[in-house]
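A.B. asks: predicted model and sequence follow; I will ask about them next.
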Amino acid sequence: MKRREFVTLLGGTFAAWPLAAHAQQPVLPVIGFLHLTSQESSREKLASFRRGLGEIGYVEDNNVAVEYRWAHGDNDRLPTLAAELVHRQVSVIVTLESTQGALAAKAATQTIPIVFMQAADAVRIGLVDSLNRPGGNVTGINLMFSEVAGKRLELLLELVPAAASIAYLRNPTNPVFAESEARVLQAAARDHAVRLLFVNASRASEFEAAFADLVQQQADAVVVSSAVSLLTDPDQIVALAARHAVPAIYAWRPSMAVGGLISYATNLPDAWRQAGVYTGRILKGEKPANLPVLQPTKFELIINLKTAKALGLTVPPPLQVAADEVIE
């Protein structure tokens, strides 16, 4: 072989190496992430989800990609967004803090694994066959928000022991969850001999009318539903409760950050982390059918003494001692 031919051949071989290396790069698995609110309102909790993924060895934009779909508070958009993720052929669909999101994802696919985090009875609404052995392509975390709705009513009555009527502010566009939560609240109201009033609101523009309604019905206090759609503007709900001097209990820490009276709920950052862990395990090959639906073991009671004083309420010392956090 002539020297010139050898050099040409050698150069051609080197030139081909980057192309061959590029062609052999592995395709990243893709997580389809579906959520009812927005990236801005979920930023801190997303960090917890990514921390859970990291525990299994996955880092976003390193060895896994994420396709985000945000419904910006509109439940009606969830089926379309879920269908988009199925069409994208993602490796797993993650839908957190939304019963409607979980149902939309399950309706969209029977093959792509789904990790949910929602608060209605997952067996009763048909998401899974059982909590221990979910079956099918769906598993996740039961937030137990509806199960502890009765506890919220009891805590509220400790602050307002003379209350005869308690309003329940719910989102009628999420009927599956609203029915589940209402059932528990009705039982608790009967046990404590108080009247439960129903007030509806599905978006921020309806909150003012809802509070006018509960005031007209002479509600002594209000249980704000744990439906995530009522979290899109916690400032407004807390401000309305203060303006009308109506004691209110919430299920979300953000409501306490803007002056809410009392909240009791699952520790959400830990639940998001666990959802990340489950997602990573599925990416590694485990089947949703064999992963039990998790239930939270950590609940948070937060009380705002300043808000209680503004409402003329005395917080019983035992309740203060039981609180995980007291805001003064």
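C.D. replies: Arrived safely. Numbers count the residues shown, from 1 in each chain.

A.B. asks: what's downstream of the host helix or strand of Val115, the next helix or strand?
C.D. replies: Taking DSSP states H and E as the criterion, Val115 maps to strand 114-118. Next helix or strand after strand 114-118 toward the C-terminus (DSSP H and E): strand 138-142.

A.B. asks: tell me what the strand holding Val115 is packed against?
C.D. replies: Applying 3 or more CB pairs under 8 Å, 6 or more residues apart in numbering; DSSP states H and E, one finds that strand 114-118 contacts strand 92-96, helix 99-108, strand 138-142, helix 268-283. Using the backbone N, CA and C atoms, a C-beta is placed for each residue, glycine as well.

A.B. asks: distance from it to the middle of the chain?
C.D. replies: Here the centre of strand 114-118 is set off from its chain's centre by 9 Å, with CA atoms, centre = their mean, to the nearest Å.

A.B. asks: dump it to PDB, restricted to CA.
C.D. replies: Extracted C-alpha coordinates of strand 114-118, given in PDB (Å, rounded to 0.1, in the frame of the first residue of the first chain):
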ATOM      1  CA  ILE A 114     -48.100   5.300  36.100                       C
ATOM      2  CA  VAL A 115     -47.100   6.700  39.500                       C
ATOM      3  CA  PHE A 116     -49.800   8.700  41.200                       C
ATOM      4  CA  MET A 117     -50.100  10.800  44.400                       C
ATOM      5  CA  GLN A 118     -53.600  11.600  45.200                       C
END
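
A.B. asks: strands paired with that strand, and their directions?
C.D. replies: Strand 114-118 sits in its sheet next to strand 92-96 (parallel), strand 138-142 (parallel), going by DSSP bridges.

A.B. asks: return the most buried member of the helices and strands packed on strand 114-118.
C.D. replies: Of all the helices and strands packed on strand 114-118, strand 92-96 has the most neighbours on average by mean count of other CB atoms under 10 Å, namely a mean of 28.

A.B. asks: what lies in contact with it?
C.D. replies: Identification of contacts with strand 92-96 by CB atoms under 8 Å, 6 or more residues apart in numbering yields 29, 31-35, 45, 49, 82, 85-86, 101-102, 104-105, 108-109, 112-118, 272, 275, 279, 282-283.

A.B. asks: surely Ile282 touches Gly276?
C.D. replies: No. Applying CB atoms under 8 Å, one finds Ile282 not in contact with Gly276, separated by 10.9 Å.

A.B. asks: so Glu67 makes contact with Val30?
C.D. replies: Yes. Counting by CB under 8 Å, Glu67 does reach Val30; the two are 5.8 Å apart.

A.B. asks: if I look at those two, which residues touch both of them?
C.D. replies: 88, 90.

A.B. asks: go ahead and list the helix or strand containing the closest residue to Ala107 other than its chain neighbours.
C.D. replies: In space, and not counting its chain neighbours, Ala107 is closest to Pro79: 6.8 Å by CB to CB, 6 or more residues apart in numbering. Element membership of Pro79, judged by DSSP H and E, is helix 78-87.

A.B. asks: ok, Leu156 next?
C.D. replies: Leu156 belongs to helix 149-159, assigned by DSSP H and E.

A.B. asks: run through who's touching that helix.
C.D. replies: The contact list for helix 149-159 (CB under 8 Å, 6+ apart) reads 163, 166, 181, 184-185, 187-189, 191-192, 194, 221, 223, 226, 247-249, 251, 261-262, 264, 301, 308, 313, 315-316, 319.

A.B. asks: list the contacts for the residue nearest to Ala107?
C.D. replies: Pro79 is in contact with 104, 107-108, counting by CB under 8 Å, 6+ apart.

A.B. asks: now do it, the pLDDT please.
C.D. replies: Looking at Pro79, its pLDDT is 97.

A.B. asks: what about it, distance to Val90?
C.D. replies: Remark: distance between Pro79 and Val90 (CB to CB, to the nearest Å) = 16 Å.

A.B. asks: and Ile31, which of the three is it?
C.D. replies: Look at Ile31: counting by DSSP: H, G, I helix; E, B strand; the rest coil, its state is strand.

A.B. asks: distance check, the closest residue to it other than its chain neighbours against Leu85.
C.D. replies: With sequence-adjacent residues excluded and distances taken as CB to CB, 6+ apart, Ile31 is closest to Val66, at 4.7 Å. Distance of Val66 to Leu85, computed by CB to CB: 11 Å.

A.B. asks: so these two - more neighbours on which side?
C.D. replies: Counted by other CB atoms under 10 Å, Val66 and Leu85 do not tie: Leu85 has more neighbours, with 25 against 20.

A.B. asks: contacting residues around the nearest residue to the more buried one once chain neighbours are set aside?
C.D. replies: Spatial nearest neighbour of Leu85, chain neighbours left out: Gly32 (3.4 Å); criterion: CB to CB, 6+ apart. Contact partners of Gly32, counting by CB under 8 Å, 6+ apart, are 66-67, 69, 85-86, 88, 90-94, 112.
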